[in-house]
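In: I would like the atomic coordinates for the input below:
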Amino acid sequence: MTKESDKPNRSGAWTGKAAIAGAAIGSAALAAALLYRSRRKDADKAKAAPARPEDAPETD
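Out: Now for the predicted structure:
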């Protein structure tokens, strides 16, 4: 029978790599959300409400 200390530590082998990958994915998602929001904000500013004419013709 093998000793407990001779077995590879399977749970800890991927923990560090998974944490780094998760942080990278989270950072990319956050950056994409901020870029999307800033573009939407700029697009909202560009669309000004149409000016209402003071003497508009009446339509019934």
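In: where does this protein dip in pLDDT?
Out: 1-13, 44-51, 60 (pLDDT under 70).
In: how about the helices in it?
Out: For the chain, helices defined by DSSP state H occupy the ranges 10-13, 15-46.
In: adding distance to residue 52 and mean neighbour count, write the ones you listed out as TSV.
Out: C-beta coordinates here come from the backbone N, C-alpha and C atoms, glycine included. TSV is the format used below for the helices of the chain (distance: least, C-beta to C-beta, whole Å; neighbours: other C-beta atoms under 10 Å):
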stretch	distance to residue 52	mean neighbour count
helix 10-13	67	8
helix 15-46	19	10
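In: how deep is residue 54 tucked in, by neighbour count?
Out: 5 (other C-beta atoms under 10 Å).
In: when you give positions from now on, start the count at 547
Out: Noted, 547 is the first residue going forward, which turns the last one into residue 600.
In: quick one, phi psi at it?
Out: phi -70, psi -30 (degrees, to the nearest 10).
In: ok, residue 603 next?
Out: When read as degrees, to the nearest 10, the backbone of residue 603 gives phi -70, psi 150.
In: related to what we said a few turns ago, as JSON lines, the helices of the chain with distance to residue 601 would be great.
Out: Shown next, in JSON lines, are these (distance: least, C-beta to C-beta, whole Å):
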{"stretch": "helix 556-559", "distance to residue 601": "77"}
{"stretch": "helix 561-592", "distance to residue 601": "28"}
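In: nearest approach to residue 602 belongs to which of the ones you listed?
Out: Nearest to residue 602 among the helices of the chain is helix 561-592 (24.8 Å), distances taken as C-beta to C-beta.
In: tell me what the closest one is packed against?
Out: Contact partners of helix 561-592 among helices and strands, from 3 or more C-beta pairs under 8 Å, 6 or more residues apart in numbering; DSSP states H and E: none.
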